[in-house]
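[1] Let's see this in three dimensions:
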Amino acid sequence: MPPQHVRELWEMDEIVEEIMFRLLLDEPGNLLRASLVCKPWCRLLSGQGFRRRYSEFHQTPPMLGFLRSEPTFAEFVPTTDFCPREPDPRHRYSVYDCRHGRVLLRFMDDVKEFLTVWNPMTGSQRVLRFPEYSGMTDWCASVLCSANGCNHGDCHLGPFLVVFVSLHEQEGVAKASVYSSETSNWSSPASLDVFFEDEINFIAMPSVLAGDALYFLISSAMPIILEYDLGKSRLSEIHLVSGSAIICPIAPILMVAQDGRLGLADLYDFNLSVWWREVGPDEVAVWSQCRVIDLKALLTIGDPEVATDLVGSVEGTGIIFAITDLGTYMIDLKALTSKELSTVLYQPQDLTWPLFPYLSFYCPQGKLDCICSLIVVIWE
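    You can find the predicted model right below:
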């Protein structure tokens with residue numbers, strides 16, 4: 001009787017996959033190190049099939065780090081062992097958005113402004129010219145995946161859109177155009193009449209994507225939200241009214257709940273107020289305040305005279321970010337817990353900078369990643 005053939009572990013892809021699925025999400029270097037074991041594992045872990053099944057298994061991508069931005073300075077701060085591949089070092093960047101595995105950056109080349117969509121996984125960039133508008137007084141932009149039916153866990157190599165929204169005081173309008181990576185063109189602008197009674201501009205905080213619409217905060221005598229409906233290519237205004245009262249936030253940020261509702265958080269004297277936009281059966285939307293939270297019970301604060309600021313959120317969760325005089329924190333509003341992200345990045349006087357979380361699944365991209373990880377292992 002011939003001897004029974006026993007397969008080696010590296011030959012049993014289905015078992016290897018099940019083991020790799022259960023490695024800690026917040027330590028993506030584990031997959032890189034596993035890809036060094038043998039060529040079959042490297043081929044398996046860098047394949048499209050594994051990446052798809054890996055994201056389907058975990059569903060929600062982990063936060064690998066975050067980006068902080070100042071007018072001519074951008075920095076990636078890792079919260080895991082993930083190390084991004086840097087953009088073109090010839091330019092000085094500022095961050096305008098981060099979503100679906102991509103980062104939207106702005107840079108100056110001589111006297112011209114450009115946008116670039118940067119993929120931290122591969123280091124690739126797509127440089128975009130601004131839409132040909134005249135008379136802009138302020139602008140903001142967002143990036144998002146445009147693949148149909150995508151779960152946005154590992155789509156950083158697919159098609160994307162950039163939405164560019166601008167304010168034109170002389171014309172009294174806001175405009176929005178959309179760039180498609182598939183056509184390499186900007187769409188015709190959508191316009192909305194805006195009342196410029198006082199000076200208005202975009203609040204330098206991240207936009208949010210809720211459903212099929214993007215939302216941008218605008219600072220004016222009474223703060224408003226600009227909504228851009230991607231499906232209808234339409235701009236509209238959302239006023240902050242709760243019942244018969246007008247909401248007057250001091251330093252607000254936008255957020256999105258797990259059920260897709262648009263939310264607003266505001267902080268004053270360590271009291272965090274949270275509102276959600278509720279849409280009734282009659283399609284009429286109203287803002288309702290759900291709670292007020294004392295952040296002194298959740299954060300470590302040194303000097304109470306130094307303001308604590310809200311600086312961003314994670315879409316589709318109850319997670320927001322805050323900066324105190326002692327560090328940067330992630331706050332879970334559902335669990336009422338906080339986690340310290342950095343003690344190096346703290347709140348300076350008279351300067352608030354936005355925080356953009358970078359969420360993505362990470363799998364080795366192929367032989368190049370295996371070689372790079374080998375170099376790291378040898379160096380360590």
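
[2] Just the strands from the stretch 51-200 of the chain, written as ranges.
    For the stretch 51-200 of the chain, the strands defined by DSSP state E, counting those that start in this stretch cover 63-70, 73-78, 93-99, 102-109, 112-118, 125-129, 138-145, 160-168, 173-180, 185-186, 190-193.

[3] Direction included, what does the shortest one pair against?
    Strand 185-186 pairs in its sheet with strand 173-180 (antiparallel), by DSSP bridges.

[4] quick one: contacts of the partner strand?
    Around strand 173-180, the neighbours that count as contacts under C-beta atoms under 8 Å, 6 or more residues apart in numbering are 128, 131, 133, 146, 159, 161-168, 185-194, 226, 228, 230, 233, 235. In this view, the C-beta of every residue, glycine as well, is placed from N, C-alpha and C.

[5] mind listing what's buried in that strand?
    173-179 (16 or more other C-beta atoms under 10 Å).

[6] pLDDT averaged over that strand, what's the number?
    Per-region confidence: strand 173-180 scores 96 on mean pLDDT.

[7] Report the distance from that strand to the chain centre.
    Its chain's C-alpha centre and that of strand 173-180 lie 20 Å apart, by C-alpha atoms, centre = their mean, to the nearest Å.

[8] what is the orientation angle of it with strand 112-118?
    Using axes from the mean of the first three to the mean of the last three C-alpha atoms, to 10 degrees, the direction of strand 173-180 lies 50 degrees away from that of strand 112-118.

[9] mind exporting strand 173-180 as CSV, just the C-alpha atoms?
    What follows is strand 173-180, C-alpha atoms only, in CSV (Å, rounded to 0.1, in the frame of the first residue of the first chain):
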residue,chain,number,x,y,z
VAL,A,173,-23.0,81.5,-4.8
ALA,A,174,-21.4,78.2,-3.8
LYS,A,175,-20.2,75.8,-6.5
ALA,A,176,-19.3,72.2,-6.6
SER,A,177,-17.5,70.1,-9.3
VAL,A,178,-16.6,66.4,-9.3
TYR,A,179,-13.3,64.9,-10.6
SER,A,180,-13.5,61.3,-11.8
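
[10] tilt between it and strand 138-145?
    Angle of strand 173-180 versus strand 138-145, following the same axes, to 10 degrees, is 30 degrees.

[11] Strand 173-180 versus strand 160-168: what angle between them?
    Using the same axes, to 10 degrees: strand 173-180 against strand 160-168 is 160 degrees.

[12] any idea how far residue 340 lies from residue 320?
    Distance, residue 340 to residue 320, using C-beta to C-beta, to the nearest Å: 14 Å.

[13] Looking at these two now, which is surrounded by more residues?
    residue 320 (24 against 13; other C-beta atoms under 10 Å).

[14] For the more buried one, identify the helix or strand it belongs to.
    strand 319-323 (DSSP states H and E).

[15] Other residues contacting that strand?
    Against strand 319-323 from outside (C-beta under 8 Å, 6+ apart): 66, 253, 255, 265, 267, 295, 299, 308-314, 328-333, 341, 345-347, 352, 355, 357.

[16] Mind listing the strands it pairs with, and their directions?
    In the sheet, strand 319-323 lines up with strand 309-314 (antiparallel), strand 328-332 (antiparallel) (DSSP bridges).

[17] Including mean pLDDT, could these go into TSV?
    Shown next, in TSV, are those (pLDDT from 0 to 100):
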stretch	mean pLDDT
strand 309-314	93
strand 328-332	93
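
[18] Highest mean neighbour count out of those?
    For those, average neighbour numbers computed from mean count of other C-beta atoms under 10 Å are highest in strand 309-314, which has a mean of 23.

[19] centre of the chain versus that one, how much separation?
    Strand 309-314 sits 11 Å away from the centroid of its parent chain (C-alpha atoms, centre = their mean).

[20] Compute the inter-axis angle for it and strand 63-70.
    On the basis of the same axes, to 10 degrees, strand 309-314 is oriented at 140 degrees to strand 63-70.
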